[in-house]
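[1] I would like the atomic coordinates for the input below:
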Amino acid sequence: MPPLTLDEIARLAGVSRTTASRVLNDRPHVRPELRERVLRVIEETNYRPNLLARSLAFQESRMIGLVVPQSVHAFFSDPYFPRLTQGIAEACNQYEYTLSLFIVQTFADESKLLPKITSRGFLDGLIVQVGQREDSLIGALAESGLPLVVAGRPSITDKVSYIDVDNVHGAYTAVMHLLELGRRRVATITGGRHTAVGADRLQGYEQALAAMGLPVDPALIVEGDFTENSAYLGMQQLLPHHPDAVFAASDVMAVGALRAIQHSGLQVPRDIAVVGYDDLPPALLVSPTLTTIRQPIRRFGIRAVELLLDLIQNGTHPPRQVLMGTELVVRESCGFAA
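    Numbers count the residues shown, from 1 in each chain. This is a model prediction of the structure:
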């Protein structure tokens, strides 16, 4: 019978390969129960590693990958991604890891990248931003056994660890603010409804209307794609239906909506109040300045790394979920109660 490998020891103990490596090297930062499971498997199988192989195999790369399934243009033009990457990079520096960035634009990129980033010893773990191709990409990465944290709520929540903000409550807070100011024809420009973030923020919008006893009017809902131009066009579709307020599912889209309102000859907030989501720099660069929902993007990136390090050091099962809060930031684009 051929000798067991480190991967087989990890599988039998129900821990990650990195955790098994830490136990065999007598390194710290392993939970006692996990250490005991690995040691029990070693004893039961009479595992005796080859010393040369051990000296090579147990080395950690000290490298974390960040996979972003977006276009290069979207990554560098949307202010959300640099802020997120800043938090991830800061945490990597703090914990002495190197960060590698992988931008996956197409399925061809995905098929070429997957064998590389999941090869043994190349990366200690991965953070993946939820994107357009999340089902296939995250599913394949989860099957690889590499410690994985998804930034944003994925569709396979029972199989992977993820970190997210409470998008339903954030959107609910934004719309309730408009309703409490006396606005009654509140429209929304959603993100892609096929994405979790788009669906969650739409759900929060609908819950706020229901809480005030107001019906959901389909004519006041248009779908965007988190770009300024999509919101500009979406706001043009909404204007004939006479909204008195609009909640845009991102600051970038709120800027597009604001431009469309102003280009139509209407005023913000006198005629139409506007609320965004994210609290990114564009919120302060427009006139009037943008009321928005602040999500802790930089801190979100830091926590994603901390969650990943927990998986690397203590095993990937059971999957962990972290939900972060948001807050309303009131500026000029909503005006005051009538």
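
[2] Quickly list the domain ranges of the protein.
    Split into domains by automatic domain parsing, the chain comes to 6-57, 63-165+298-324, 167-295.

[3] where do the strands sit along this structure?
    63-68, 98-103, 125-129, 148-151, 161-165, 186-190, 221-223, 245-248, 273-278, 291-294, 321-324, 327-329 (DSSP state E).

[4] Tell me what angle the fifth one forms with strand 125-129.
    In this case it means strand 161-165. Counting by axes from the mean of the first three to the mean of the last three CA atoms, to 10 degrees, strand 161-165 lies at 40 degrees to strand 125-129.

[5] ok, which stretches of the protein are helices?
    6-13, 17-24, 32-45, 51-57, 72-77, 80-94, 107-117, 134-144, 167-180, 196-211, 228-238, 251-263, 282-285, 297-314 (DSSP state H).

[6] For the chain, name the helix or strand with the lowest mean pLDDT.
    Within the chain, no helix or strand scores below helix 51-57, which has a mean of 43 by mean pLDDT, DSSP states H and E.

[7] coming back round to it: could you redo the helices of the chain as TSV and give each row distance to Met324 and mean neighbour count?
    (Glycine included, C-beta is placed from N, CA and C.) Formatted as TSV, the helices of the chain follow (distance: least, CB to CB, whole Å; neighbours: other CB atoms under 10 Å):
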stretch	distance to Met324	mean neighbour count
helix 6-13	31	18
helix 17-24	26	23
helix 32-45	26	15
helix 51-57	36	11
helix 72-77	22	14
helix 80-94	12	18
helix 107-117	26	13
helix 134-144	19	17
helix 167-180	10	21
helix 196-211	13	20
helix 228-238	25	21
helix 251-263	18	24
helix 282-285	19	16
helix 297-314	6	21
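
[8] Among those helices, which comes closest to Ala273?
    The minimum distance between Ala273 and the helices of the chain falls on helix 167-180, with 5.8 Å, by CB to CB.

[9] so Gln295 touches Met324, yeah?
    Yes: using CB atoms under 8 Å, Gln295 is in contact with Met324, at 7.3 Å.

[10] Between those two, which contacts overlap?
    Among the neighbours of Gln295, those also in contact with Met324 (CB atoms under 8 Å, 6 or more residues apart in numbering) are Val165.

[11] Which one of the two is surrounded by more residues?
    Neighbours were counted for Gln295 and for Met324 using other CB atoms under 10 Å; Gln295 has more, 22 against 14.

[12] For the more buried one, give its distance to Ala254.
    14 Å (CB to CB, to the nearest Å).

[13] which neighbours do the two share?
    Residues touching both Gln295 and Ala254 (CB under 8 Å, 6+ apart): Tyr277.

[14] what would the helices of the chain look like in a markdown table with distance to Val150?
    Converted to a markdown table, the helices of the chain look like this (distance: least, CB to CB, whole Å):
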| stretch | distance to Val150 |
| --- | --- |
| helix 6-13 | 22 |
| helix 17-24 | 19 |
| helix 32-45 | 22 |
| helix 51-57 | 28 |
| helix 72-77 | 17 |
| helix 80-94 | 13 |
| helix 107-117 | 15 |
| helix 134-144 | 6 |
| helix 167-180 | 14 |
| helix 196-211 | 10 |
| helix 228-238 | 25 |
| helix 251-263 | 22 |
| helix 282-285 | 26 |
| helix 297-314 | 9 |
